[in-house]
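Colleague: Pasting the sequence and the predicted model now:
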Amino acid sequence: MTDDSAAEDYSAAATLVRFDPPLPLLRAPVPSAAPNEGPVLAFRDAASWRAAWDAAEVSLVSQCEAGARSGCSITASRKCKPPWWKGLFGSAPTDYEERERCEEREMTACLEAAKEACIKFAKGKCIGPFRDARIASEGLLQNTDFDVWSAGSHKTSLCDNPQSFNPDPSVTNYRGGDLLDNLSCKDSDNSG
């Protein structure tokens, strides 16, 4: 045995494994207003609910468009290739520049159509879960010792009238659909 193998490094710098810090919670349990119901998972406020919705939509659109690019490239290649029977009769050689221009046109048209479809798909997939998601009532976490979201940070709200969601002090949360209804009413009031 040599001195090198006997002098292995067991210092903290050599043996400590560093982990990434935990991600903050998107939703946390809040007390339910129902008497026999346990805590429910709720977003911290309307702004965090909206940010989660936006992030989910962006992710879905991105994944959908990536899949559409693959499908569009295959479709464009198939549409622009010369017919199989053209080679049988010894016709003119394939014009690869024209085929490339054709594929570019087809890809552009296909991706434009897919973009609109992907946006519609993402909205459709997000509306159900986020409409039913719960949002903690304003002031709920400031009046308890329940610190899961770093309640010391300032809160922002998308609603000007929190009373529409807190008609009763015992209400601890509301659904995202209530917020959607309130925002759609405000939009219709502003347009009229």
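Modeller: Sure, I can see it.
Colleague: any idea of the mean pLDDT for the longest helix that the chain contains?
Modeller: For the chain, the longest helix by residue count, based on DSSP state H, is helix 96-132. Here helix 96-132 scores 93 as its mean pLDDT.
Colleague: From the contact counts, what lies against it?
Modeller: The helices and strands touching helix 96-132, judged by 3 or more C-beta pairs under 8 Å, 6 or more residues apart in numbering; DSSP states H and E, are helix 46-80, helix 176-191. C-beta coordinates here come from the backbone N, C-alpha and C atoms, glycine included.
Colleague: can you tell me which of the ones you listed comes nearest to S32?
Modeller: helix 176-191 (15.8 Å; C-beta to C-beta).
Colleague: tell me the mean pLDDT for that closest one?
Modeller: For helix 176-191, the mean pLDDT works out to 68.
Colleague: residues contacting the most centrally placed residue in the chain?
Modeller: Nearest to the mean C-alpha position of the chain, counting by C-alpha atoms, centre = their mean, stands A56 at 1.0 Å. Under the criterion of C-beta atoms under 8 Å, 6 or more residues apart in numbering, the neighbours of A56 are A122, K125, C126, F130.
Colleague: Make TSV from these and add distance to A66 to it.
Modeller: Shown next, in TSV, are the contacts of A56 (distance: C-beta to C-beta, whole Å):
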residue	distance to A66
A122	13
K125	16
C126	18
F130	23
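Colleague: Mean neighbour count, the helices and strands packed on helix 96-132: which tops it?
Modeller: helix 46-80 (a mean of 15; mean count of other C-beta atoms under 10 Å).
Colleague: re earlier: give the buried subset of the contacts of A56 as a PyMOL selection command.
Modeller: Buried residues within the contacts of A56, by 16 or more other C-beta atoms under 10 Å, are selected in PyMOL with:
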select buried, resi 122+126+130
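Colleague: ok, of the contacts of A56, which one's closest to R99?
Modeller: A122 (33.4 Å).
Colleague: What confidence value was assigned to the residue nearest to the closest one when sequence neighbours are not counted?
Modeller: Spatial nearest neighbour of A122, chain neighbours left out: L60 (3.8 Å); criterion: C-beta to C-beta, 6 or more residues apart in numbering. Per-residue confidence (pLDDT) for L60: 96.
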